[in-house]
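Colleague: Provide a 3D model corresponding to the input given below.
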Amino acid sequence: MTTVSHRTVEGSPLAGSRATGDSSVVDLRDRIAAHVVGREGELELLLATVAAGRDVLIEGPPGTSKTTLLRAITAEWGIPLVFVEGNADLTPSRLVGHHNPARVLREDYTEDNFVPGPLVEAMRTGGFLYVEEFNRAPEDTLNTLLTAMAERQITVPRVGTIEALPTFRVVASMNPYDNIGTTRLSSSVHDRMSRLAVGYQDADAERGIVRLRTGVRNERLVTDAVALTRATREWDGVTQGSSVRGAIDVALIATQLAEMRGVDLPEAPGDTPPRNLPEEYTSLVLDAMLVGLSGRIHLDATLEAGPEAVLRKIWEDHFLLQPAAAEPG
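Modeller: Reported below is the predicted structural model:
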């Protein structure tokens, strides 16, 4: 059974003219910037690339606002964002489309019984085709995309030639840290796509994201959730740490645990060292970590400890060892 899916994100009707030059790229950048946190540089580069008519490959770990940037751009342009997941089931026919078998039996092959796939949908509507986990798609599927990128048109048997509208783009993403089940992209693919490397946001931006996505206003909890999550990316034996999504879950789960256990969240400012915090608070943060982060970190195969043990060490380092080391004497 295929896991291919695609969805469309529409912008406002007024945004439709912006893609044709009625609004300057500077104004467009400023409007889009209101939808993202800590991604001004990447936004500018991505917007310049797609505004120049280029297809683009975005390389970066999960949870680094790639989809958020694309949604903001397509919403402002008033064009669809058509999503498809790259995997072994993404065959050329699933990407391009197919004829309805039942109608073919009754009517033979006609253009009317053709069911468009995400590529044809994006070309006809002038949208962005967003292929996640691009390097997991089969080679023959990537070759189909090469034709669409190079010619801005494809020929579908018994349907004819499908021309892409001017705003059609292929935008792909891949995780540079994930090598399991992936294929090496050919030089032909790299030659036809610009490339944008996206890393994690800085701590201040991630705190802003957690506040925005959770509504949590306790600075102590927001700071601890972000610091603990960021520590997973640098811990020995962790091959891939958690994105800011982990910090979001830690903050949300800890807030609920505090209410259930009757624990008051500390009022200590977020910019102070995490010393002398109530044990009831640090314990519920640990429990929130184990639930929110244990499935998001990937450990080196040679590491004997499991994710829970690694997270407990990170928690101890944050709440016990670092504050103690900062004490005078």
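Colleague: what number of residues lie near the nearest residue to residue 217 once chain neighbours are set aside?
Modeller: Leaving aside its chain neighbours, residue 217 sits nearest to residue 211 (7.0 Å; criterion: Cβ to Cβ, 6 or more residues apart in numbering). All C-beta atoms are positioned from the backbone trio N, CA, C, and that covers glycine. For residue 211, the count of nearby residues is 18 (other Cβ atoms under 10 Å).
Colleague: for the one 5 residues further on, same thing?
Modeller: Around residue 216 sit 18 other residues, with neighbours defined as other Cβ under 10 Å.
Colleague: cool, and residue 30?
Modeller: 10.
Colleague: same question for the one 10 residues further on.
Modeller: By the criterion of other Cβ under 10 Å, residue 40 has 13 neighbours.
Colleague: same question, residue 168
Modeller: 24.
Colleague: now residue 298
Modeller: Using other Cβ under 10 Å: residue 298 sits among 16 other residues.
Colleague: if I pick it, what's in contact with it?
Modeller: 238-240 (Cβ atoms under 8 Å, 6 or more residues apart in numbering).
Colleague: can I get those in a markdown table with distance to residue 189?
Modeller: A markdown table is the format used below for the contacts of residue 298 (distance: Cβ to Cβ, whole Å):
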| residue | distance to residue 189 |
| --- | --- |
| 238 | 30 |
| 239 | 25 |
| 240 | 24 |
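Colleague: most neighbours among the residues you listed, which one?
Modeller: Neighbour-wise, the contacts of residue 298 (other Cβ under 10 Å) top out at residue 238, 20 neighbours.
Colleague: assign a three-state SS to residue 35, would you?
Modeller: Assigned by DSSP: H, G, I helix; E, B strand; the rest coil, the conformation of residue 35 is coil.
Colleague: excluding sequence neighbours, find me the nearest residue to it.
Modeller: residue 72 (4.1 Å).
Colleague: same check, this time on residue 122
Modeller: Nearest non-adjacent residue to residue 122 (Cβ to Cβ, 6+ apart): residue 129, at 3.9 Å.
Colleague: okay, and the one you found sits in which element?
Modeller: Element membership of residue 129, judged by DSSP states H and E, is strand 128-132.
Colleague: got the CA coordinates for that strand in PDB?
Modeller: C-alpha atoms of strand 128-132 as PDB (Å, rounded to 0.1, in the frame of the first residue of the first chain):
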ATOM      1  CA  PHE A 128       5.200  24.300  -5.600                       C
ATOM      2  CA  LEU A 129       5.700  20.600  -5.700                       C
ATOM      3  CA  TYR A 130       7.400  19.900  -2.300                       C
ATOM      4  CA  VAL A 131       9.100  16.500  -2.200                       C
ATOM      5  CA  GLU A 132      10.200  15.500   1.400                       C
END
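Colleague: please identify the pairing partners of that strand and their relative orientation?
Modeller: Sheet neighbours of strand 128-132, with direction, are listed as strand 81-85 (parallel), strand 169-174 (parallel) (DSSP bridges).
Colleague: now what about that strand, what contacts it?
Modeller: Residues contacting strand 128-132 (Cβ under 8 Å, 6+ apart): 50, 67, 70, 73-74, 79-86, 118-119, 122-123, 137, 145, 168-173.
Colleague: hang on, the earlier thing: what's the burial count for the residue nearest to residue 122?
Modeller: So residue 129, with other Cβ under 10 Å, has 28 neighbours.
Colleague: and it, how far from residue 313?
Modeller: 43 Å (Cβ to Cβ, to the nearest Å).
Colleague: residue 164 now?
Modeller: In terms of Cβ to Cβ, residue 164 sits 52 Å off from residue 313.
Colleague: equivalent analysis for residue 223, please.
Modeller: According to Cβ to Cβ, residue 223 and residue 313 sit 20 Å apart.
Colleague: re earlier: report the buried members of the contacts of strand 128-132.
Modeller: Listed as buried from the contacts of strand 128-132 are 50, 67, 70, 73-74, 79-86, 118-119, 122-123, 137, 145, 168-173; burial here means 16 or more other Cβ atoms under 10 Å.
Colleague: output stretch 114-127 as CSV - backbone C-alpha positions only.
Modeller: The C-alpha trace of stretch 114-127 is given here as CSV (Å, rounded to 0.1, in the frame of the first residue of the first chain):
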residue,chain,number,x,y,z
PHE,A,114,-7.0,10.6,-16.2
VAL,A,115,-6.4,11.1,-12.4
PRO,A,116,-3.6,13.7,-12.0
GLY,A,117,-0.8,13.0,-9.5
PRO,A,118,0.9,15.7,-7.4
LEU,A,119,3.4,16.6,-10.2
VAL,A,120,0.6,17.3,-12.8
GLU,A,121,-1.5,19.1,-10.1
ALA,A,122,1.4,21.4,-9.3
MET,A,123,2.2,22.1,-12.9
ARG,A,124,-1.4,22.8,-13.9
THR,A,125,-2.0,25.1,-10.9
GLY,A,126,1.4,26.8,-10.9
GLY,A,127,2.2,25.6,-7.4
